[in-house]
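Q: Based on what follows, work out the 3D shape:
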Amino acid sequence: MLDTLTEVTLVAANFFVYALFAYQARQWRAGPARVTGAPQAFAYLETELRRKLPTLSRGFTWKEAVGEARKLGVTADWSEVGNEVDAYEAYRYGGEREPVEFKGVLALAKGLRGSR
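A: You can find the predicted model right below:
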């Protein structure tokens, strides 16, 4: 039979492991902690696209990636996503200013994350 100190230690260890698991599960569901710019939002979207579409080519364009995501039936404001993709590509390749709007891209990434 276990003594009281051993029982308390086992219960505390069990609680700690459970709390750690719950914290990790919550972090995983929440996605990135804080997205402060378009590059982070698009990096998050890329992570979710690659997870959901493992056959996505290495040198994909954002338009083709979003087109593939659309085929999955994820609910998103596709016109908003399209505008944000256009603005981001203009920023990346045309020297425009960094876009300040990326809510549609984040919503799409979260929708991909939530779909199984």
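
Q: The protein - how does it break down into domains?
A: 1-30, 34-114 (automatic domain parsing).

Q: Would you reformat these as JSON lines and include mean pLDDT?
A: Written out in JSON lines, the entries for these read as follows (pLDDT from 0 to 100):
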{"stretch": "domain 1-30", "mean pLDDT": "66"}
{"stretch": "domain 34-114", "mean pLDDT": "91"}
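
Q: Tell me which of these is the most buried.
A: Mean neighbour count (mean count of other CB atoms under 10 Å) peaks for domain 34-114 among those, with a mean of 16. C-betas here are computed from N, CA, C, even on glycine.

Q: now do the same end-to-end measure for it.
A: Start to finish, the residues bounding domain 34-114 are 18 Å apart (CA to CA, to the nearest Å).

Q: Contacts only, for the nearest residue to Val81 once chain neighbours are set aside.
A: For Val81, ignoring the flanking residues on the chain, the nearest one in space by CB to CB, 6 or more residues apart in numbering is Gly104 at 4.3 Å. Residues counted as contacts of Gly104 (CB atoms under 8 Å, 6 or more residues apart in numbering) are Ala76, Asp77, Glu80, Val81, Asn83, Glu84.
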